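Trainee: what's the 3D shape of this:
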Amino acid sequence: MGEKLYSFDELNDQAQVTSIKDFSRFYVKCYRGNNMELLSQVSDQSMLWQINEEAYRNKYEALEHAAKDTITYCNHSYKKLLSQLDMKYLANGSSECPWEEWYDKKYQSIPDGI
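Mentor: Next up is the predicted model:
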């Protein structure tokens, strides 16, 4: 049997830091690739606006630098967003699967013609 999985809100503070750090790189890649359709399906868009604004300010920076800056200025927004996404985590904050795999599964589940 595998390890127990947790929702973002069930993680301790250090595990949340780990999950935000991992997710921020994925988020900035999606933002830079104009590939925000699935991430923007959350009910409260306000946190996306804040993260996107910071990602835009860092559009010419390296991915790692941009991701780090979005965490510095948008940590609360990342917490709100990750609370709404349906990813599960290990106790250390690592996501159940890579974010790219999560995205691909979500994308493949969209019915044709939409």
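Trainee: hey, let's count contacts and neighbours off CA atoms from now on
Mentor: Fine.
Trainee: got the residue ranges for the helices in this protein?
Mentor: The residue ranges that make up the helices of the chain, judged by DSSP state H, are 13-32, 46-57, 63-84, 99-108.
Trainee: closest to N92 out of those helices?
Mentor: Put simply, out of the helices of the chain the one that sits nearest N92 is helix 13-32, at 4.9 Å, with distance taken as C-alpha to C-alpha.
Trainee: Kindly calculate the angle that that closest one makes with helix 99-108.
Mentor: Here the directions of helix 13-32 and helix 99-108 differ by 60 degrees (axes from the mean of the first three to the mean of the last three C-alpha atoms, to 10 degrees).
Trainee: angle of helix 13-32 against helix 63-84?
Mentor: Compare the direction of helix 13-32 with that of helix 63-84 by the same axes, to 10 degrees and you get 110 degrees.
Trainee: ok so, going back, turn the helices of the chain into a markdown table, including distance to A91, mean neighbour count and mean pLDDT.
Mentor: Below are these laid out as a markdown table (distance: least, C-alpha to C-alpha, whole Å; neighbours: other C-alpha atoms under 10 Å; pLDDT from 0 to 100):
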| stretch | distance to A91 | mean neighbour count | mean pLDDT |
| --- | --- | --- | --- |
| helix 13-32 | 7 | 19 | 98 |
| helix 46-57 | 25 | 18 | 95 |
| helix 63-84 | 15 | 18 | 97 |
| helix 99-108 | 17 | 12 | 93 |
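Trainee: any idea which residue sits dead centre in this structure?
Mentor: F23 (4.0 Å; C-alpha atoms, centre = their mean).
Trainee: what's the nearest residue to it if we skip its chain neighbours?
Mentor: Using C-alpha to C-alpha, 6 or more residues apart in numbering and skipping the chain neighbours, the partner closest in space to F23 is W99 (7.2 Å).
Trainee: Would you check that the one you found makes contact with F26?
Mentor: Yes. With contact defined as C-alpha atoms under 8 Å, W99 reaches F26; the gap is 6.7 Å.
Trainee: hang on, the earlier thing: which one of the helices of the chain lies closest to G93?
Mentor: Between G93 and the helices of the chain, the tightest spacing by C-alpha to C-alpha is seen for helix 13-32, at 4.0 Å.
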